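Engineer: Return atomic coordinates for the entry below.
(2 chains)
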Amino acid sequence: DAGVIQSPRHEVTEMGQEVTLRCKPISGHDYLFWYRQTMMRGLELLIYFNNNVPIDDSGMPEDRFSAKMPNASFSTLKIQPSEPRDSAVYFCASSLGDFSGNTIYFGEGSWLTVV
Amino acid sequence: AQSVTQLDSHVSVSEGTPVLLRCNYSSSYSPSLFWYVQHPNKGLQLLLKYTSAATLVKGINGFEAEFKKSETSFHLTKPSAHMSDAAEYFCVVSKGLTGGGNKLTFGTGTQLKVEL
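Structural biologist: Next up is the predicted model:
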C-alpha cells in the first residue's frame, strides 16, 4: 500500500493568500484525521471524518480553516486567508474502525510557511 | 480526559548503550498507548502499541515498552542505541472507548540524540 499521501510537501505563501492542502487516505480506511504540529503547541487534532462525514471539528482554530472530504479517497484542508501564525506542519492520517487500539497511519506532512 | 507526560524533553546516549524514554499517562478509561517516532522532516511512524493484551510490548527496530498500571507508566526502551535511532519520540494515549475511540492525545515529545 502507498500509505497516506499528502500534497504539497512544502508550501511557502504570502499572508492573505488561500492555501489548500490535500490528502489521500489509505484505501479502505473509514477514518481520516487532520493534525497540526507547531513548536509551541505540539501535535493537535484539528478535525476528523468518519465515512466522509465530519465528526468533530472542535480543534479547528478559526473560521479561516475549513476541511472537506468529498469522497472516501480525498480530503482537503483549506486556510483562507492565511496568516503567519498558521505556519506549521499539517499531517493527514487515516485508520480503519474506531477501536482505540487501532493504528492510525500518518502521511509525511505538508510543511506550510506563511510570510 | 486522557493525557500523557513525557518526562524528558531531550535524552542523549552513546551508540551501543541502552535507551530509556519515560512516559506517564492519565486516563479515566482503560487506555490504549502508543509510541510514535518522527525522523527529521518526516512523518510519524508507529513503533509499538499497547491495547490491554500483554503488558510487555515489542515494536520495530528493537524497541519495547512495558505497561505498568500501578505506576501509570509506559516507558520505551532499547538495549543498544544505533545512530539511526536519533529522532523525536512521542508517547500517545487513545481514548479507551468505541465511538470516536481512536482520538489520539500526544505527549510533548522526547528528542533522542545518539553520539558516537
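
Engineer: Would you confirm that residue B:8 contacts residue B:21?
Structural biologist: Yes. Using Cβ atoms under 8 Å, residue B:8 and residue B:21 qualify as a contacting pair, with a distance of 7.0 Å. C-beta: built from backbone N, CA, C; applies to glycine.

Engineer: The spatially closest residue to residue B:18 that is not a sequence neighbour: how many residues sit nearby?
Structural biologist: Among residues not flanking residue B:18 along the chain, residue B:79 sits closest, at 5.6 Å (Cβ to Cβ, 6 or more residues apart in numbering or on different chains). Neighbour count for residue B:79, taken as other Cβ atoms under 10 Å in any protein chain shown: 11.

Engineer: cool, and residue B:72?
Structural biologist: Neighbours of residue B:72 (other Cβ under 10 Å): 15.

Engineer: same thing with residue B:62?
Structural biologist: By other Cβ under 10 Å, the residues close to residue B:62 number 14.

Engineer: State the distance from it to residue B:106.
Structural biologist: Using Cβ to Cβ, to the nearest Å, residue B:62 is found at 23 Å from residue B:106.

Engineer: Can you list phi and psi of the most centrally placed residue in chain A for me?
Structural biologist: Nearest to the geometric centre of chain A sits residue A:34, at 3.0 Å (Cα atoms, centre = their mean). According to degrees, to the nearest 10, the main-chain angles of residue A:34 amount to phi -120, psi 130.

Engineer: swap in residue B:61?
Structural biologist: Here residue B:61 shows phi and psi, under degrees, to the nearest 10, equal to phi 60, psi 30.

Engineer: Check residue A:85 too.
Structural biologist: The phi and psi values for residue A:85, taken as degrees, to the nearest 10, are phi -70, psi -10.

Engineer: What residues does it make contact with?
Structural biologist: For residue A:85, the contact set (Cβ atoms under 8 Å, 6 or more residues apart in numbering or on different chains) comprises residue A:114.

Engineer: repeat for the one 3 residues further on
Structural biologist: The contact partners of residue A:88, by Cβ under 8 Å, 6+ apart, come to A:36, A:37, A:38, A:112.

Engineer: how far away is the closest residue to the last one other than its chain neighbours from residue B:86?
Structural biologist: The one in question is residue A:112. Leaving aside its sequence neighbours, residue A:112 sits nearest to residue A:11 (Cβ to Cβ, 6+ apart; 5.3 Å). Using Cβ to Cβ, one gets 27 Å for the distance from residue A:11 to residue B:86.

Engineer: can you count the residues close to the closest residue to residue B:7 other than its chain neighbours?
Structural biologist: Excluding the flanking residues, the one nearest residue B:7 by Cβ to Cβ, 6+ apart is residue B:22, at 4.1 Å. Neighbourhood size, residue B:22 [other Cβ under 10 Å]: 16.

Engineer: Return the distance of residue B:22 relative to residue B:68.
Structural biologist: 11 Å.

Engineer: Next: residue B:9.
Structural biologist: 22 Å.

Engineer: and what of residue B:92?
Structural biologist: Using Cβ to Cβ, one gets 17 Å for the distance from residue B:92 to residue B:68.

Engineer: and the two? which has more neighbours close in?
Structural biologist: Set residue B:92 next to residue B:68 and count neighbours by other Cβ under 10 Å: residue B:92 wins out with 24 against 12.

Engineer: what about residue 6, neighbour count?
Structural biologist: Picking chain A for this. 22.

Engineer: ah, no, chain B please
Structural biologist: 19.
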